[in-house]
Structures are given as C-alpha cells and as structure tokens.
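Enquirer: only geometry, no sequence info:
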C-alpha cells in the first residue's frame, strides 16, 4: 500500500468488520480502498476477461459492478493459498473415530444444528430432508419430507440417551406443526427405537396433551442446500474464510471445527467450554479472540432459528 495513502476510512471499516492484520485482512483492506476509489472516480474496472483494468474513465464514473472480494483476492494476492496453507492445516476439521448416527426432526433445523454441533462427543452434523417418498427434495419443493438434523457422534464420549435428552429438552413436542417442522425421532436400529419409545412414554407423563413426536425408521436422508449448512457460521464470512470452509459445501458439512463454531458464534456451549477446547480445535489467536467475543456476548440467549 502506498505510503501517502490515507487509511483512516479503511481503519474504521476494519474495526467495524473485525478485520485483523494478517494476509487475508490485508487484502480486505486493499479491497475496501479499491472499491472506495472505484465508487468515487471509476479507476478500477473488471473487464470481460475477468481482470481488473486501471485507467481513467472517459465519461466520468464507470457504472459497471465492482468485482467480488474472492475475485479481488485472487487478483491482489495470487499466492494467498500458499501463505495460509500451513495455518489452515492446524484446524481440527477431521476426527478419525468410529461413530454412530442419530437423526431428529425438531422444527427448523438451523437451531439443532447449532445445539448438537457444540455438544461434546458430537463429531459432525448436517441438515437435510427425510421421512418422505419424494426423490431429491429441495427447500422450495419439499414434498412429504421433514426438516431434520443428522448427527455423527462418538459413543465412547456421549450416549444416544444423552442425545435424546437434548432432543426433548430443546423443542416443544406437544405443539402441532405442518409436516415440514414436525417432531420426529428417526431411529437407525432397534436399540435406538426402544430407547426412543421409552423416553417418549416418560415425556408423556409431563404433559396433559398428547406428545406429537413420531418415532419411525430413517429412510433416505437428503442433504439440504449449502446455504442451510452451518447457517449461523456462514453469517461470518471472515471466519469461514479464516478456517478454510467458505464456499466449500462438502468440507463445510464434514468439518468438526465448523460444527463447533456454528454453535459458539451464537453462544451455545458457553465461554467455559469454548476456552477448554479452543486450543484442541487449532484456533489461532485472532480467530480465537473473534469467536470468544461472540460466545461471551451471546451466551445464555438460547437457540434461535
């Protein structure tokens, strides 16, 4: 960056968006500055070949759309991937342990994705659609399916009974909803079925109205669209970029750290748990500080959807 450039406006924006002084934020600062210049006098433009072109505009400010941050990053710092490769490798994306599965319908699937993602013993989560006969459902064309959360968990750390307890404690099983948001326990084997039926009987004793939860075998589980996966985490694009899951559908779904942070950013799990496992997750200081502020700010607010 030129020495005579004023960075006061950039610094203000950097503070607003929590940018930090690392290679990625350096590009973000250059991006903001370039966009500010473009807005004022059209000095930068993306041409038809996908490149940025410098030069004065003959007819005043250009009206073309300024390129996106990912495009600008490739242009401004083509070696970024090499610079951050080592940093990315430290993040705990994969946990190689034998897992079992649990699948629940608990109304909107964004909330349970955050809840179970930060539950100790859960390895990874994904949200999707199941229970119906329609093939390849989508959010806009769901058919006879229900929104559901699919969980991979380590049975040496957490039991299926523990997961059932969280299921019952974190949604209203007596409310009647349309099929999309109905309460379901989708069992994977006879042992899960027996436990689910036992806990349903226990829950029914707590209510004067019938429990609406259905217990059925799991059928085909269809993954929801990428924008639904780790929804709360994706509201922090800088954080997704920092841990290497931005615009990475499969990696975002399978990543252990993504599941964890998806809950932490809205306070689920709490400060104590976050501090205890931040180092294990491989969080570098700036990412850790960023997430810590969010956990502290949002702890106790409960699940949101």
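Expert: On my side now, so go ahead. This one's a predicted model, so the numbers in the text were calculated from it and none came from an experiment. Residues are numbered from 1 along each chain as shown.

Enquirer: Report the secondary structure state of residue 177.
Expert: coil (DSSP: H, G, I helix; E, B strand; the rest coil).

Enquirer: quick check, residue 165 in a helix?
Expert: Yes: using three-state DSSP, the secondary structure at residue 165 is a helix.

Enquirer: Tell me who's in contact with it.
Expert: residue 199 (C-beta atoms under 8 Å, 6 or more residues apart in numbering). To be clear about C-beta, it is placed using only N, CA and C from the backbone, and glycine gets the same treatment.

Enquirer: What's the separation between the closest residue to residue 104 other than its chain neighbours and residue 230?
Expert: Distances taken as C-beta to C-beta, 6 or more residues apart in numbering put residue 167 closest to residue 104, at 5.1 Å, once the chain neighbours are dropped. As for residue 167, its distance to residue 230 is 20 Å (criterion: C-beta to C-beta, to the nearest Å).

Enquirer: The two: which has the busier surroundings?
Expert: Between residue 167 and residue 230, counted using other C-beta atoms under 10 Å, residue 230 has the larger neighbour count: 28 against 25.

Enquirer: Which helix or strand contains the more buried one?
Expert: Applying DSSP states H and E as the criterion places residue 230 outside every helix and strand.

Enquirer: Residue 110 is in contact with that one, correct?
Expert: No: applying C-beta atoms under 8 Å, one finds residue 230 not in contact with residue 110, separated by 9.3 Å.

Enquirer: Excluding covalently adjacent residues, which one is nearest to residue 242?
Expert: Nearest non-adjacent residue to residue 242, counting by C-beta to C-beta, 6+ apart: residue 287, 5.1 Å away.

Enquirer: what's the burial count for the one you found?
Expert: Neighbours around residue 287, by other C-beta under 10 Å: 22.

Enquirer: Could you grab the helix/strand/coil label for it?
Expert: helix.

Enquirer: in the stretch 51-200 of the chain, which segments are predicted with low confidence?
Expert: 51-89 (pLDDT under 70).

Enquirer: Would you map the helices across the stretch 101-250 of the chain?
Expert: Under the criterion DSSP state H, counting those that start in this stretch, helices of the stretch 101-250 of the chain are mapped to 110-117, 160-169, 190-204, 237-243, 249-254.

Enquirer: Please identify the most buried of those helices.
Expert: Ranked by mean neighbour count under mean count of other C-beta atoms under 10 Å, the helices of the stretch 101-250 of the chain are led by helix 110-117, which reaches a mean of 26.

Enquirer: returning to what we had before: identify the residues contacting the residue nearest to residue 104.
Expert: Counting by C-beta under 8 Å, 6+ apart, residue 167 touches 104, 106, 185.
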